[in-house]
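1. Let's see this in three dimensions:
(one chain, ligands or ions: 1)
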Amino acid sequence: MEILFYFLLFLSFFLFSRFFLSKKTKNLPPSPPTIPIIGHLHLLKKPLYRSLASITDKYGPVLYLWFGSRPVLVVSTPSAVEDCFTKNNDIVFANRPHFFLMGKLLGNNYTTIDSAPYGPNWRNLRRISAIEVLSATRVHSYGGIRLDEVKSMVKRLSNIGSDEYRTVEMKSMFFELTFNIMMRIIAGKRYYGEHVEDLEEAKRFQEVVKETFVLSGASNIGDFLPFLNLVGVKGFKKRIMSVVTRKDKAMQELIEERRSLRKSEFNVEEKEKTLIDVLLSLQETEPDYYTDEMIRGFTWVMVAAGTDTSAGTMEWAMSLLVNNPQVIKKAQAEIDAHVEKGRLLNESDINNLPYLHCIINETLRMYPAGPLLVPHESSEDCVVGGFNIPRTTMLLINMWQIQNDPKLWDEPTKFKPERFEGLEGTRDGFKFMPFGSGRRGCPGEGLAMRVVPLALGALIQCFDWERVGDELVDMSEGLGLTLPKAEPLEVKCKTRSSASNMVSQF
Ligand code: HEM
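-> Next comes the predicted model:
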């Protein structure tokens, strides 16, 4: 009976809001026929960006859909993206939706930097991220950590494949690299490879991180059909809560460790200060804002946003490279011409390696880690592509579709790094925007664009690469938030003779 009551209540709300909205808002974007209650949910399949692309092909690049009771604007053309991210609309769309169970539970009730609505709290979080973690100066100061971790990856690989080709699995290699880098920045600890202090703690942390990533990629139907929250999704909520509790416990342990280090006689040197240290010192002056909960949330988002995205990009890049060996040869020639024999390339070499940048851009074009960016939401009525968009409409930018659109790119399914020659660092009129744009654009771009070129460059410089068999590497996309590869990449690698001396000294 209770379920029936809520269902009828929801049905009346749904019919009323749809009727009210269509009366009130004239000139909405095109929309396929809807089914009562579910709206267009029946048209959506995974992966969502591909499904939305097929609807767009039929109804046009500015679409108005209903995900159950939630109105959604889907944009897949550079000029409409420009409408969303310039002039007044950049502020209008600087909001994030406020109905995702994941944002509520994992985002500390929408207070973390990625989930918070546009307002003073979000502005402050962006300010802290810009000043204390991701500013050019801070990013530069983590150079030693990046180099260290890249060397450690090269060393592990060279131990596996020194004289002859050996098969290696690269997905976990890349994940461990980015995870170690982020954890050293945040807490001064590494959880993979050598010098891991507490293996048990590392294992617990790894498990909770992996589980959280899997859950973050799962969709919750109750977000779009709220009456289902009262019946079917309790199990889902319980699963999230169990992970959230363990994640909070793990993060709190890190905070306590750094806190006791600060209190001890041992003085943490300025250059060894971790992000947790910085936040703890802010806590001393503003304890009401910089609570432990805030610190857990802030540092967690950095781990979550900064690992899978960069690791996945490197895995796609390496997959594309072994499918296109001529590109590896060209990149090796570029590096060999600029970096003297016997020296590992470093970050100051990166600016002199434009072809390496082209490889990374081409990878981000074909396989952007945020294929639909992160959902935005309109805080006021506005106009996009000449259509009226009501407030509280969720905005999805189909960046994957724009970056793979044959009308915008010559042979978009082909891996052609050369297409970016002379274009490095531009978004080319909103048609290439793997890090988003505007107020909510990715604050970690600067860090990612140091980690990825350094790691890929080192792998290209130090090793020769081959596919495991004659067949091309399977490039199928898997399911998950950050456009993962369906199958973890396995490749064969062998230390290049020109690098073997250098690598043996790491
Ligand atoms: C290849 C690597 C990366 C890619 C492709 C990427 C891409 C993106 C995209 C598309 C967005 C959403 C932009 C929007 O909503 O319009 C985003 C947001 C974000 N990214 Fe990244 N990102 C990467 C690495 C990083 C790193 C290394 C960090 C930090 C350590 C980071 C931190 C964040 C945060 C905190 C947000 C949320 C910003 C907000 O809502 O205000 N990202 N990223």
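
2. does F506 really touch V154, like I thought?
-> Yes: judged on CB atoms under 8 Å, F506 makes contact with V154 at a distance of 6.2 Å. The way it works is simple: take the backbone N, C-alpha and C, and place the C-beta from them, glycine included.

3. neighbour-wise, which of the two wins?
-> Set F506 next to V154 and count neighbours by other CB atoms under 10 Å: V154 wins out with 22 against 16.

4. Flag the shaky bits of the stretch 301-450 of the chain, pLDDT-wise.
-> Applying pLDDT under 70 to the stretch 301-450 of the chain flags residues 424-427.

5. need the residues of it near the ligand, please.
-> Counting by CB under 6 Å from any ligand atom, the residues of the stretch 301-450 of the chain lying close to the ligand are 301-302, 305-306, 309-310, 313, 369-370, 373-374, 434-436, 440-444, 447-448.

6. Using neighbour counts, trim the residues you listed to the buried set.
-> For those, a neighbour count by 16 or more other CB atoms under 10 Å gives the buried set as 301-302, 305-306, 309-310, 313, 369-370, 373-374, 434-436, 440, 442-444, 447-448.

7. T274 reaches I145, doesn't it?
-> No: using CB under 8 Å, T274 is not in contact with I145, being 10.4 Å away.

8. any residues in contact with both of the two?
-> Jointly contacting T274 and I145 under the rule CB atoms under 8 Å, 6 or more residues apart in numbering are 184-185.

9. Find the nearest non-adjacent residue to L28, please.
-> Y64 (4.9 Å; CB to CB, 6 or more residues apart in numbering).

10. Which secondary structure state does the most centrally placed residue in the chain sit in?
-> By CA atoms, centre = their mean, the chain has its centre lying nearest to T309, at 3.9 Å. Of the three states, T309 takes helix under DSSP: H, G, I helix; E, B strand; the rest coil.

11. dump the residue contacts of it.
-> T309 touches 369-370, 444, 448, 482, counting by CB under 8 Å, 6+ apart.

12. ok, whatever residue of the stretch 401-506 of the chain ends up closest to the ligand - contacts?
-> Proximity of the stretch 401-506 of the chain to the ligand (CB to the nearest ligand atom) peaks at G444, 2.1 Å away. When the contact criterion is CB under 8 Å, 6+ apart, the partners of G444 are 134, 302, 305-306, 309.

13. E293 too?
-> Taking CB under 8 Å, 6+ apart as the test, what E293 contacts is N108.

14. 10 Å instead, please
-> Shown in contact with E293 (CB atoms under 10 Å, 6 or more residues apart in numbering): 108-109, 111, 248, 251-252.

15. Next: R50.
-> R50 makes contacts with 371, 398, 400-401, 404, 477, as judged by CB under 10 Å, 6+ apart.

16. Now do the helices for the stretch 1-150 of the chain: every range, in order, please.
-> 2-24, 48-59, 78-85, 89-92, 101-105, 120-128, 136-141, 143-160 (DSSP state H, counting those that start in this stretch).

17. ranges for the strands of this protein?
-> For the chain, applying DSSP state E gives strands covering 62-67, 70-75, 166-169, 376-377, 382-384, 387-389, 394-397, 463-467, 490-495.

18. Give me the distance between the fourth one and the centre of its chain.
-> Translated: strand 376-377. 17 Å (CA atoms, centre = their mean, to the nearest Å).

19. Contacts for that strand, please.
-> With CB under 10 Å, 6+ apart as the test, strand 376-377 has contacts from 70-73, 84-85, 89-90, 92-99, 117-118, 391-397, 436, 438-440.

20. Next to the ligand in this structure, residues from the protein, please.
-> Counting by CB under 6 Å from any ligand atom, the chain sits next to the ligand at 113-114, 126, 301-302, 305-306, 309-310, 313, 369-370, 373-374, 434-436, 440-444, 447-448.

21. coming back round to it: common neighbours of F506 and V154, please.
-> Between them, F506 and V154 share these contacting residues under CB under 10 Å, 6+ apart: 344, 462.

22. got the contacts of E293 as CSV, with distance to E340 columns?
-> Listed next are the contacts of E293 as CSV, based on distance: CB to CB, whole Å:
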residue, distance to E340
N108, 50
N109, 54
T111, 50
D248, 49
M251, 43
Q252, 47
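
23. Please indicate which of those are buried?
-> Counted by 16+ other CB under 10 Å, those give 108, 111, 248, 251 as buried.

24. now for those, which pair is the farthest apart?
-> Largest separation among those by CB to CB: T111 and M251, giving 14.7 Å.

25. on that earlier part again, and the residue nearest to L28, what are its bridge partners?
-> L73 (DSSP bridges).

26. Contacts only, for it.
-> Applying CB under 10 Å, 6+ apart to Y64 gives the contacts 21, 25, 28-32, 40, 71-74, 387-390, 393.

27. Quick check: PyMOL command selecting the buried ones in those.
-> PyMOL command restricting the contacts of Y64 to the buried ones, with burial defined by 16+ other CB under 10 Å:
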select buried, resi 25+28+29+31+40+71+72+73+74+387+389+390+393
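
28. And the helices in the stretch 201-350 of the chain?
-> Under the criterion DSSP H, counting those that start in this stretch, the stretch 201-350 of the chain contains helices at 234-263, 275-285, 292-323, 325-338, 347-350.

29. Give me the buried positions along the shortest one.
-> Going back to what we said before, that points to helix 347-350. Residues of helix 347-350 classed as buried by neighbour count (16+ other CB under 10 Å): 347, 349-350.

30. Which elements pack onto it?
-> For helix 347-350, the elements it packs on are helix 143-160, helix 325-338, helix 354-366, helix 445-462, judged by 3 or more CB pairs under 10 Å, 6 or more residues apart in numbering; DSSP states H and E.

31. So for A130, which of the ones you listed sits nearest?
-> Minimum separation from A130 across those (CB to CB) falls at helix 445-462, 10.0 Å.

32. Dump the closest one to PDB, restricted to CA.
-> What follows is helix 445-462, C-alpha atoms only, in PDB (Å, rounded to 0.1, in the frame of the first residue of the first chain):
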ATOM      1  CA  GLU A 445      44.900  19.700 -15.900                       C
ATOM      2  CA  GLY A 446      48.300  21.200 -15.100                       C
ATOM      3  CA  LEU A 447      49.200  18.200 -12.900                       C
ATOM      4  CA  ALA A 448      47.900  15.600 -15.300                       C
ATOM      5  CA  MET A 449      49.800  17.200 -18.200                       C
ATOM      6  CA  ARG A 450      53.000  16.700 -16.300                       C
ATOM      7  CA  VAL A 451      52.400  13.200 -15.100                       C
ATOM      8  CA  VAL A 452      51.200  11.700 -18.400                       C
ATOM      9  CA  PRO A 453      53.900  13.100 -20.700                       C
ATOM     10  CA  LEU A 454      56.700  12.300 -18.300                       C
ATOM     11  CA  ALA A 455      55.500   8.700 -17.800                       C
ATOM     12  CA  LEU A 456      54.700   8.000 -21.400                       C
ATOM     13  CA  GLY A 457      57.800   9.700 -22.600                       C
ATOM     14  CA  ALA A 458      60.000   7.600 -20.300                       C
ATOM     15  CA  LEU A 459      58.300   4.400 -21.400                       C
ATOM     16  CA  ILE A 460      58.800   5.300 -25.100                       C
ATOM     17  CA  GLN A 461      62.400   6.300 -24.400                       C
ATOM     18  CA  CYS A 462      63.500   3.300 -22.400                       C
END
